[in-house]
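>>> A structural model of the following input is requested.
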Amino acid sequence: MKIQTEDLVLVVDDVLENRLLAVAFLEKLGWMVLEAASGQAALDVLKRVRPSHLLLDIKMPGFDGIAVARYVREFMGDQQMKIIGYTAHALKDEVERILASGFDAVLIKPITYADMSEQFGPANVRVL
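Predicted coordinates:
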């Protein structure tokens, strides 16, 4: 059984410090967050849970962010999940290549709270 939620982000980065920073920003915005330390670990999570958003590091050993995005778009057939890449490589042609690989947006590292707020906005918090 897959669980799907509108307020869930899967953060995928092989560098722990980058994941912790992204998680802190997203949680401050009210998002629920899962983490994965590799592209393969992200695919394992996606077998069980369908987040509304992915924040993918582009450069990772093995299955990188571009491969994960292509898998989500082509093999999972998910065109609704918002996929945001983040990378330290800011060259225009590199950003265009990333966007053409199935990403909705690209953030340039080091990311800031303002970057995350602009891209993700506050989660849909419901008061009961």
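>>> Skip the chain neighbours and tell me the closest residue to Y71.
With CB to CB, 6 or more residues apart in numbering as the measure, L43 is the residue that lies nearest to Y71, at 6.5 Å, once sequence neighbours are left out. Using the backbone N, CA and C atoms, a C-beta is placed for each residue, glycine as well.
>>> hang on, the one you found in a helix?
Yes: the assignment for L43 is a helix, going by DSSP: H, G, I helix; E, B strand; the rest coil.
>>> Flag the shaky bits of the chain, pLDDT-wise.
Counting by pLDDT under 70, the chain has low-confidence residues at 1-5, 125-128.
>>> Which residue ranges of it form helices?
With helices called from DSSP state H, the chain shows them at 16-28, 39-46, 65-70, 92-100, 113-120.
>>> can I get the CA coordinates of the second one in CSV?
What it means is helix 39-46. Provided in CSV are the C-alpha atoms of helix 39-46 (Å, rounded to 0.1, in the frame of the first residue of the first chain):
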residue,chain,number,x,y,z
GLY,A,39,19.1,8.1,-5.3
GLN,A,40,18.5,4.4,-4.7
ALA,A,41,17.3,5.1,-1.2
ALA,A,42,14.9,7.6,-2.6
LEU,A,43,13.5,5.0,-5.0
ASP,A,44,13.0,2.6,-2.1
VAL,A,45,11.0,5.3,-0.2
LEU,A,46,8.9,6.0,-3.3
